[in-house]
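J.: below are the sequence and a predicted model for it; my questions follow.
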Amino acid sequence: MNKLLFKSFLILLSICSTFESKAQSETLILINNVEIFDGKSDQTAKGNVLIRGNQIDQISTKSIKVPANTTVTVIDGQGKFLMPGLIDAHYHAMFATLSQVALLTADIGFVNLVAGKNAENLLQSGFTSIRDLGGPIFGLKMGIDRGIIPGPRIWPSGAFISQTGGHGDFRFPNDIPTDPNRGLSYAERINAAAIADSPDLVRLRAREQLMLGASQIKLMAGGGVSSVYDPLDVTQYTEAEIHAAVEAAENWGTYVTVHAYTPRAIQQAIRAGVKCIDHGQLIDEETVKMMVEKDVFWSLQPFIDEGDKGVLSPESRAKQLEMYQGTDTAFDLAKKYKMKIAYGTDVLFDAQKAAQPGAQLIKMKRWFNNLEILKMATGNNGELLALSGKRSPYSGKLGVIEEGALADILIFDGSLIQNLDQILKPRETIKLIIKDGKVIKNQL
């Protein structure tokens, strides 16, 4: 009996010690004296922000009192500009920096290392989250989430799901006709692409990506610039095939987004039930009205001609120029109908562009003022990430500075509303980076 009591006492002591240890080890970060842009408001506010764990605990214009028996890191914001971490809603972390040939021929280990280096640059440039819309991303995401390498949060789609000859078909011509005895192509084996022709196969491929951890499904619904086989105007998949992916995604509580430029491709995808259109540069007014009616999110990129850098083939360059011609019209229609636009870059096969993610954000000044741009890259994009519902890999709200939101926070030297060009020199102008409540950089 005495032994039993003694064991019980030890267990109770252990429990008490655990609670005491947690109370003593609980750390808070208090940021005082900052100009706060919350990701959605037209006005900033002077105030202070308290972070508890990985969440924003309190925001106040008055001094914040910290509970006793807690360890507090106090940061003097010096009146500088505090905002949510930036979000890129259309990224390809595995495809951003290397050439297409290298991606299809190099060892996947090397590709992961290059992608990891770029992911660190994204985070140091202020991008604390990305929606990755195609590629063998799950290993990189795992490495970042486990703290092995630094990088942004990742909402992964996994492999592009594409029809034969579609925008995600990376096979060589000598792989056709398809021979089941030959096995999968390299792109399929590394989960960069998934070729599916028929509703049943599309459903299967969508379920495979959800099984691997996809937070949303990405389908190729129309022609693309960098792909070899498909003219820009072609519509890809049938409504039934797209709907099969939509059903699979909705059964998992998430959604489908599609790559599409033309009215026909976009309208078919909307009828099939997709919740987001990525690109849409060749859209018309009728299709925009349909998007508004069906409450479809528009992830629209600042694609403008920057000259031929020799990255693309002559055929792809011609398609690119055709697509560029529609960008101004697309943004004008989005503004006319007051659509909520998600900001993304879709950088592909271009190390120079990938090295300067802020330069893509600056391009948005062609159509919007600085405040509007910041709202897109924070609050708007946060709402798009939330469409993943319970399939979101991170529990909590992003893109805003508000109590209860996840603590992904930047402090810039000056107001980005006044001078967005600061984003071009992030190593100098970003004074504080906090991701998930952890200080990544502090120069205050």
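T.: Arrived safely. Numbers count the residues shown, from 1 in each chain.

J.: residues touching stretch 397-406, excluding its own?
T.: Contacts with stretch 397-406, where a contact means CB atoms under 8 Å, 6 or more residues apart in numbering, come from 36-40, 49, 54-59, 82-85, 87, 128-129, 153, 378-383, 385-386, 394, 396, 408-409, 436-437. Bear in mind the C-beta positions are built from the backbone N, C-alpha and C, glycine included.

J.: dump the residue contacts of Ala354.
T.: For Ala354, the contacting residues are 96-97, 118, 121, 347, by CB under 8 Å, 6+ apart.

J.: one more time with 10 Å
T.: The contact partners of Ala354, taken as CB atoms under 10 Å, 6 or more residues apart in numbering, are 91-93, 95-98, 114-115, 117-118, 121-122, 345, 347-348, 360.

J.: counting only strands, which of those residues make the cut?
T.: Among the contacts of Ala354, DSSP state E puts Tyr91 in strands.

J.: Throw together a ChimeraX command that grabs the buried residues out of the contacts of Ala354.
T.: Buried residues within these, by 16 or more other CB atoms under 10 Å, are selected in ChimeraX with:
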select :91,92,93,95,96,97,98,114,115,118,121,122,345,347,348,360
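
J.: can you flag the buried ones in the contacts of stretch 397-406?
T.: 36-40, 49, 54-59, 82-85, 87, 128-129, 153, 378-383, 385, 394, 408-409, 436-437.

J.: buried residues, the strand ranked longest in the chain. List them.
T.: In the chain, taking DSSP E as the definition, the longest strand is strand 71-84. For strand 71-84, burial by neighbour count (16+ other CB under 10 Å) applies to 75, 77, 80-84.

J.: and it, which strands flank it?
T.: Next to strand 71-84 in the sheet, as set by DSSP bridges, lie strand 27-36 (parallel), strand 409-412 (antiparallel).

J.: now the shortest one: how far from the chain's centre is it?
T.: A distance of 18 Å separates the C-alpha centroid of strand 409-412 from that of its chain, computed with CA atoms, centre = their mean, to the nearest Å.

J.: mind giving me the packing neighbours of the following helix or strand past it?
T.: On the C-terminal side of strand 409-412, the closest following helix or strand by DSSP states H and E is helix 426-429. Contact partners of helix 426-429 among helices and strands, from 3 or more CB pairs under 10 Å, 6 or more residues apart in numbering; DSSP states H and E: helix 108-124, helix 357-362, strand 409-412.

J.: so for the shortest one, what's the average pLDDT?
T.: Meaning strand 409-412. Averaging pLDDT along strand 409-412 gives 98.

J.: the second one now?
T.: Across helix 357-362, the average pLDDT comes to 96.

J.: buried stuff in stretch 331-349?
T.: Buried residues in stretch 331-349, defined by neighbour count with 16+ other CB under 10 Å: 331, 333-334, 339, 341-349.
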